[in-house]
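# Here is my input, please return the structure:
(2 chains)
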Protein chains: 2
Amino acid sequence: MTSGTLFGVGLGPGDPDLMSLRAHRLLGATRHVAYFRKAGRPGQARRIVEGLLRQDVTEFAMEYPVTTEIPLSDPRYNDMLANFYARCAEHVLDLLGSGQDVVVLCEGDPFFYGSFMHLYTRLKDLAPVQVVPAITGMSGAWTATGTPITWGDDVMTVLMGTLPETTLSQHMARADALVVMKIGRNLEKVRRAITQAGRLSSAWLVEYATMPDEKVSRLSDVTDTVAPYFSIIIVHGQGRRP
Amino acid sequence: MTSGTLFGVGLGPGDPDLMSLRAHRLLGATRHVAYFRKAGRPGQARRIVEGLLRQDVTEFAMEYPVTTEIPLSDPRYNDMLANFYARCAEHVLDLLGSGQDVVVLCEGDPFFYGSFMHLYTRLKDLAPVQVVPAITGMSGAWTATGTPITWGDDVMTVLMGTLPETTLSQHMARADALVVMKIGRNLEKVRRAITQAGRLSSAWLVEYATMPDEKVSRLSDVTDTVAPYFSIIIVHGQGRRP
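Numbers count the residues shown, from 1 in each chain, chains lettered A, B, ... in the order given. Predicted coordinates for the structure are as follows:
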């Protein structure tokens, strides 16, 4: 029996109309999809493909273990996630081994801060894999602001809101254009860092980019202390513009 | 007469199969396309859409003035480009004013180091504009390497090879993941900067990502002094991976 192919298919920032032709074709053809989600939630990746899958598709929802009580620094946190990814990979490998293709649905671009890569590293030497890149959430966010993110020789840096405040502000001071992701409960820390770097007045908070609830605000006008999961902060570059 | 709409349509990294459903639909419907290209060349944006346009489409090829004899620092360089963009914007505005929609074909993502923004800033207050984001060339490049670009809390920095060597090496030393674009005749300088930053052994040169001539090489194995226009250097982040 020849192994099936594992497809890591990026779905883009949220609007189904922004997925690629290739992604759309693969979704409509596959018998097996798998996707990560929080327990008890529909999951963003699954939501994007609503109405696009075959009637007879088999779905494998990979639900993250609840980790809120364990700090990130605790080795048990890492162990729990590693076991989870190993179990998911094992199930997908069983399907591939029976000759079936499996499409893993990925929010954004699969190789850019995604969960797919945890399956990918465990399976890439055991079965054929194809990765379909996609429009990133940050592209959706800067497009929503109505202003180009980078010009000429601008330096752009992408930061995660989970980083320490000092690390954030140092990087924020050095780059021309900024993208900050994983805002959520880190919003106040990120705002302090961006203020420290002198960039607050040119920062924008984009929530739910390309989705029905899309909202763009000046960060200096935002009074909330927590941002939705789908939030990205954007500071535009000011490079050469003839 | 109501104005037509200006569409800035990102076409992605090169493979037509990677354009979005929205881009594909707009291309098949429009009566007017415009695109930038070097004089005497077919142009990458135009090449991507080959076979996808209406039979009766009108094409406006915006050919960059030849600037090779004028250094970037000369004010005449900037003037020449500014005049060029103004003339292009005027022609597009005439079409919009006659009630026609115009689709501007954009390589990669329109708001990410693109030429479209020079039309956009000149026309956005004069006519309705819609921008369609797209898969960036860098997403195409890191996908081609077969390795995820960023994990966990990795910091990613995007640099242009046109920057001074010291600026490049300083940024290269501080970020986890790196993307370097506009390599071309800057290849040797970029390689010195990346060596100086201690990252040469983990750097990859990706040429023609997602195109038929796609090629991935370790930068340390590359002996050429000039890289093709469609070249991107990638250094992958090494962040947390359960």
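# Can you name every helix or strand that the helix ranked longest in chain A contacts?
Identified as the longest helix of chain A according to DSSP state H is helix A:75-97. Applying 3 or more CB pairs under 8 Å, 6 or more residues apart in numbering or on different chains; DSSP states H and E, one finds that helix A:75-97 makes contact with strand A:32-38, strand A:58-64, strand A:102-106, helix A:116-123. C-beta coordinates here come from the backbone N, C-alpha and C atoms, glycine included.
# buried residues in that helix?
Neighbour-count burial for helix A:75-97, counted by 16 or more other CB atoms under 10 Å in any protein chain shown, picks out A:77-78, A:80-81, A:84-85, A:88-89, A:92-93, A:95-96.
# For that helix, C-alpha coordinates in PDB please.
In PDB, the C-alpha atoms belonging to helix A:75-97 read as follows (Å, rounded to 0.1, in the frame of the first residue of the first chain):
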ATOM      1  CA  PRO A  75       8.200  21.400  32.000                       C
ATOM      2  CA  ARG A  76       4.800  19.700  32.400                       C
ATOM      3  CA  TYR A  77       3.400  22.200  29.900                       C
ATOM      4  CA  ASN A  78       5.800  21.200  27.200                       C
ATOM      5  CA  ASP A  79       5.400  17.500  28.000                       C
ATOM      6  CA  MET A  80       1.600  17.800  27.700                       C
ATOM      7  CA  LEU A  81       1.800  19.500  24.400                       C
ATOM      8  CA  ALA A  82       4.400  17.200  23.000                       C
ATOM      9  CA  ASN A  83       2.200  14.200  24.000                       C
ATOM     10  CA  PHE A  84      -0.800  15.800  22.300                       C
ATOM     11  CA  TYR A  85       1.100  16.500  19.100                       C
ATOM     12  CA  ALA A  86       2.500  12.900  19.100                       C
ATOM     13  CA  ARG A  87      -1.000  11.400  19.500                       C
ATOM     14  CA  CYS A  88      -2.400  13.600  16.600                       C
ATOM     15  CA  ALA A  89       0.500  12.700  14.400                       C
ATOM     16  CA  GLU A  90       0.000   9.000  15.100                       C
ATOM     17  CA  HIS A  91      -3.700   9.200  14.100                       C
ATOM     18  CA  VAL A  92      -2.900  11.100  10.900                       C
ATOM     19  CA  LEU A  93      -0.100   8.600  10.100                       C
ATOM     20  CA  ASP A  94      -2.600   5.800  10.400                       C
ATOM     21  CA  LEU A  95      -4.800   7.400   7.800                       C
ATOM     22  CA  LEU A  96      -1.800   8.100   5.500                       C
ATOM     23  CA  GLY A  97      -0.600   4.500   5.900                       C
END
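# what angle do that helix and strand A:102-106 make?
Per axes from the mean of the first three to the mean of the last three CA atoms, to 10 degrees, the angle that helix A:75-97 makes with strand A:102-106 is 140 degrees.
# Now find how far off-centre helix A:75-97 is within its chain.
Averaging C-alpha positions (CA atoms, centre = their mean, to the nearest Å) puts helix A:75-97 19 Å from its chain's average.
# Now do that helix: everything it contacts.
A:1, A:3-6, A:32, A:34, A:60, A:62, A:64-65, A:67, A:70-71, A:102, A:104, A:118-119, A:122-123, A:126-127, B:240, B:242 (CB atoms under 8 Å, 6 or more residues apart in numbering or on different chains).
# repeat for stretch A:36-48
Contacts for stretch A:36-48 (CB under 8 Å, 6+ apart): A:11-12, A:14, A:16, A:19, A:35, A:59, A:61-64, A:66, A:105-107, A:115, A:230.
# What is the end-to-end distance of that stretch?
13 Å (CA to CA, to the nearest Å).
# again with stretch A:97-116
Span of stretch A:97-116 from end to end, CA to CA: 19 Å.
# Enumerate the positions of it that are buried.
Buried residues in stretch A:97-116, counted by 16+ other CB under 10 Å: A:100-116.
# Looking at stretch A:44-51 now, give me its mean pLDDT.
Mean per-residue pLDDT for stretch A:44-51: 96.
# Could you dump the buried residues of helix A:75-97 into a markdown table and include pLDDT?
As requested, the buried residues of helix A:75-97 are exported to a markdown table (pLDDT from 0 to 100):
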| residue | pLDDT |
| --- | --- |
| A:77 | 85 |
| A:78 | 86 |
| A:80 | 91 |
| A:81 | 91 |
| A:84 | 96 |
| A:85 | 96 |
| A:88 | 98 |
| A:89 | 98 |
| A:92 | 98 |
| A:93 | 98 |
| A:95 | 97 |
| A:96 | 98 |
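# most tightly surrounded among the helices and strands packed on helix A:75-97?
Comparing these by mean neighbour count (mean count of other CB atoms under 10 Å in any protein chain shown), strand A:102-106 comes out on top with a mean of 27.
# Tell me which strands it pairs with, and in which orientation.
According to DSSP bridges, strand A:102-106 has the following sheet partners: strand A:6-10 (parallel), strand A:32-38 (parallel).
# mind giving me JSON lines with the ones you listed and columns for mean pLDDT?
Listed next are the strands paired with strand A:102-106 as JSON lines, based on pLDDT from 0 to 100:
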{"stretch": "strand A:6-10", "mean pLDDT": "98"}
{"stretch": "strand A:32-38", "mean pLDDT": "96"}
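# Go ahead and name everything in contact with stretch A:229-237.
Outside stretch A:229-237, the residues within contact range by CB under 8 Å, 6+ apart are A:14, A:44, A:137-138, A:141-142, A:145, A:147-151, A:154-156, A:161, A:172, A:176-181, A:183-184, A:187, A:190, A:194, A:199, A:202-209, A:211, A:219.
# do the same with stretch A:116-131
Under CB under 8 Å, 6+ apart, the answer for stretch A:116-131 is A:3-8, A:10, A:81, A:85-86, A:88-89, A:92-93, A:96-97, A:104, A:106, A:110-111, B:143, B:146, B:148, B:151, B:241-242.
# who's in contact with residue A:206?
Going by CB under 8 Å, 6+ apart, residue A:206 touches A:140-142, A:144-145, A:214-216, A:231-234.
# from those residues, which would you call buried?
The neighbour count (16+ other CB under 10 Å) marks A:140-142, A:144-145, A:214, A:216, A:231-234 as buried among the contacts of residue A:206.
# Dump these to JSON lines, plus secondary structure, pLDDT and distance to residue A:23.
Formatted as JSON lines, the buried ones among the contacts of residue A:206 follow (DSSP: H, G, I helix; E, B strand; the rest coil; pLDDT from 0 to 100; distance: CB to CB, whole Å):
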{"residue": "A:140", "secondary structure": "helix", "pLDDT": "98", "distance to residue A:23": "15"}
{"residue": "A:141", "secondary structure": "helix", "pLDDT": "98", "distance to residue A:23": "20"}
{"residue": "A:142", "secondary structure": "helix", "pLDDT": "98", "distance to residue A:23": "21"}
{"residue": "A:144", "secondary structure": "helix", "pLDDT": "98", "distance to residue A:23": "21"}
{"residue": "A:145", "secondary structure": "helix", "pLDDT": "98", "distance to residue A:23": "25"}
{"residue": "A:214", "secondary structure": "coil", "pLDDT": "97", "distance to residue A:23": "21"}
{"residue": "A:216", "secondary structure": "strand", "pLDDT": "98", "distance to residue A:23": "26"}
{"residue": "A:231", "secondary structure": "strand", "pLDDT": "97", "distance to residue A:23": "24"}
{"residue": "A:232", "secondary structure": "strand", "pLDDT": "98", "distance to residue A:23": "21"}
{"residue": "A:233", "secondary structure": "strand", "pLDDT": "98", "distance to residue A:23": "27"}
{"residue": "A:234", "secondary structure": "strand", "pLDDT": "98", "distance to residue A:23": "25"}
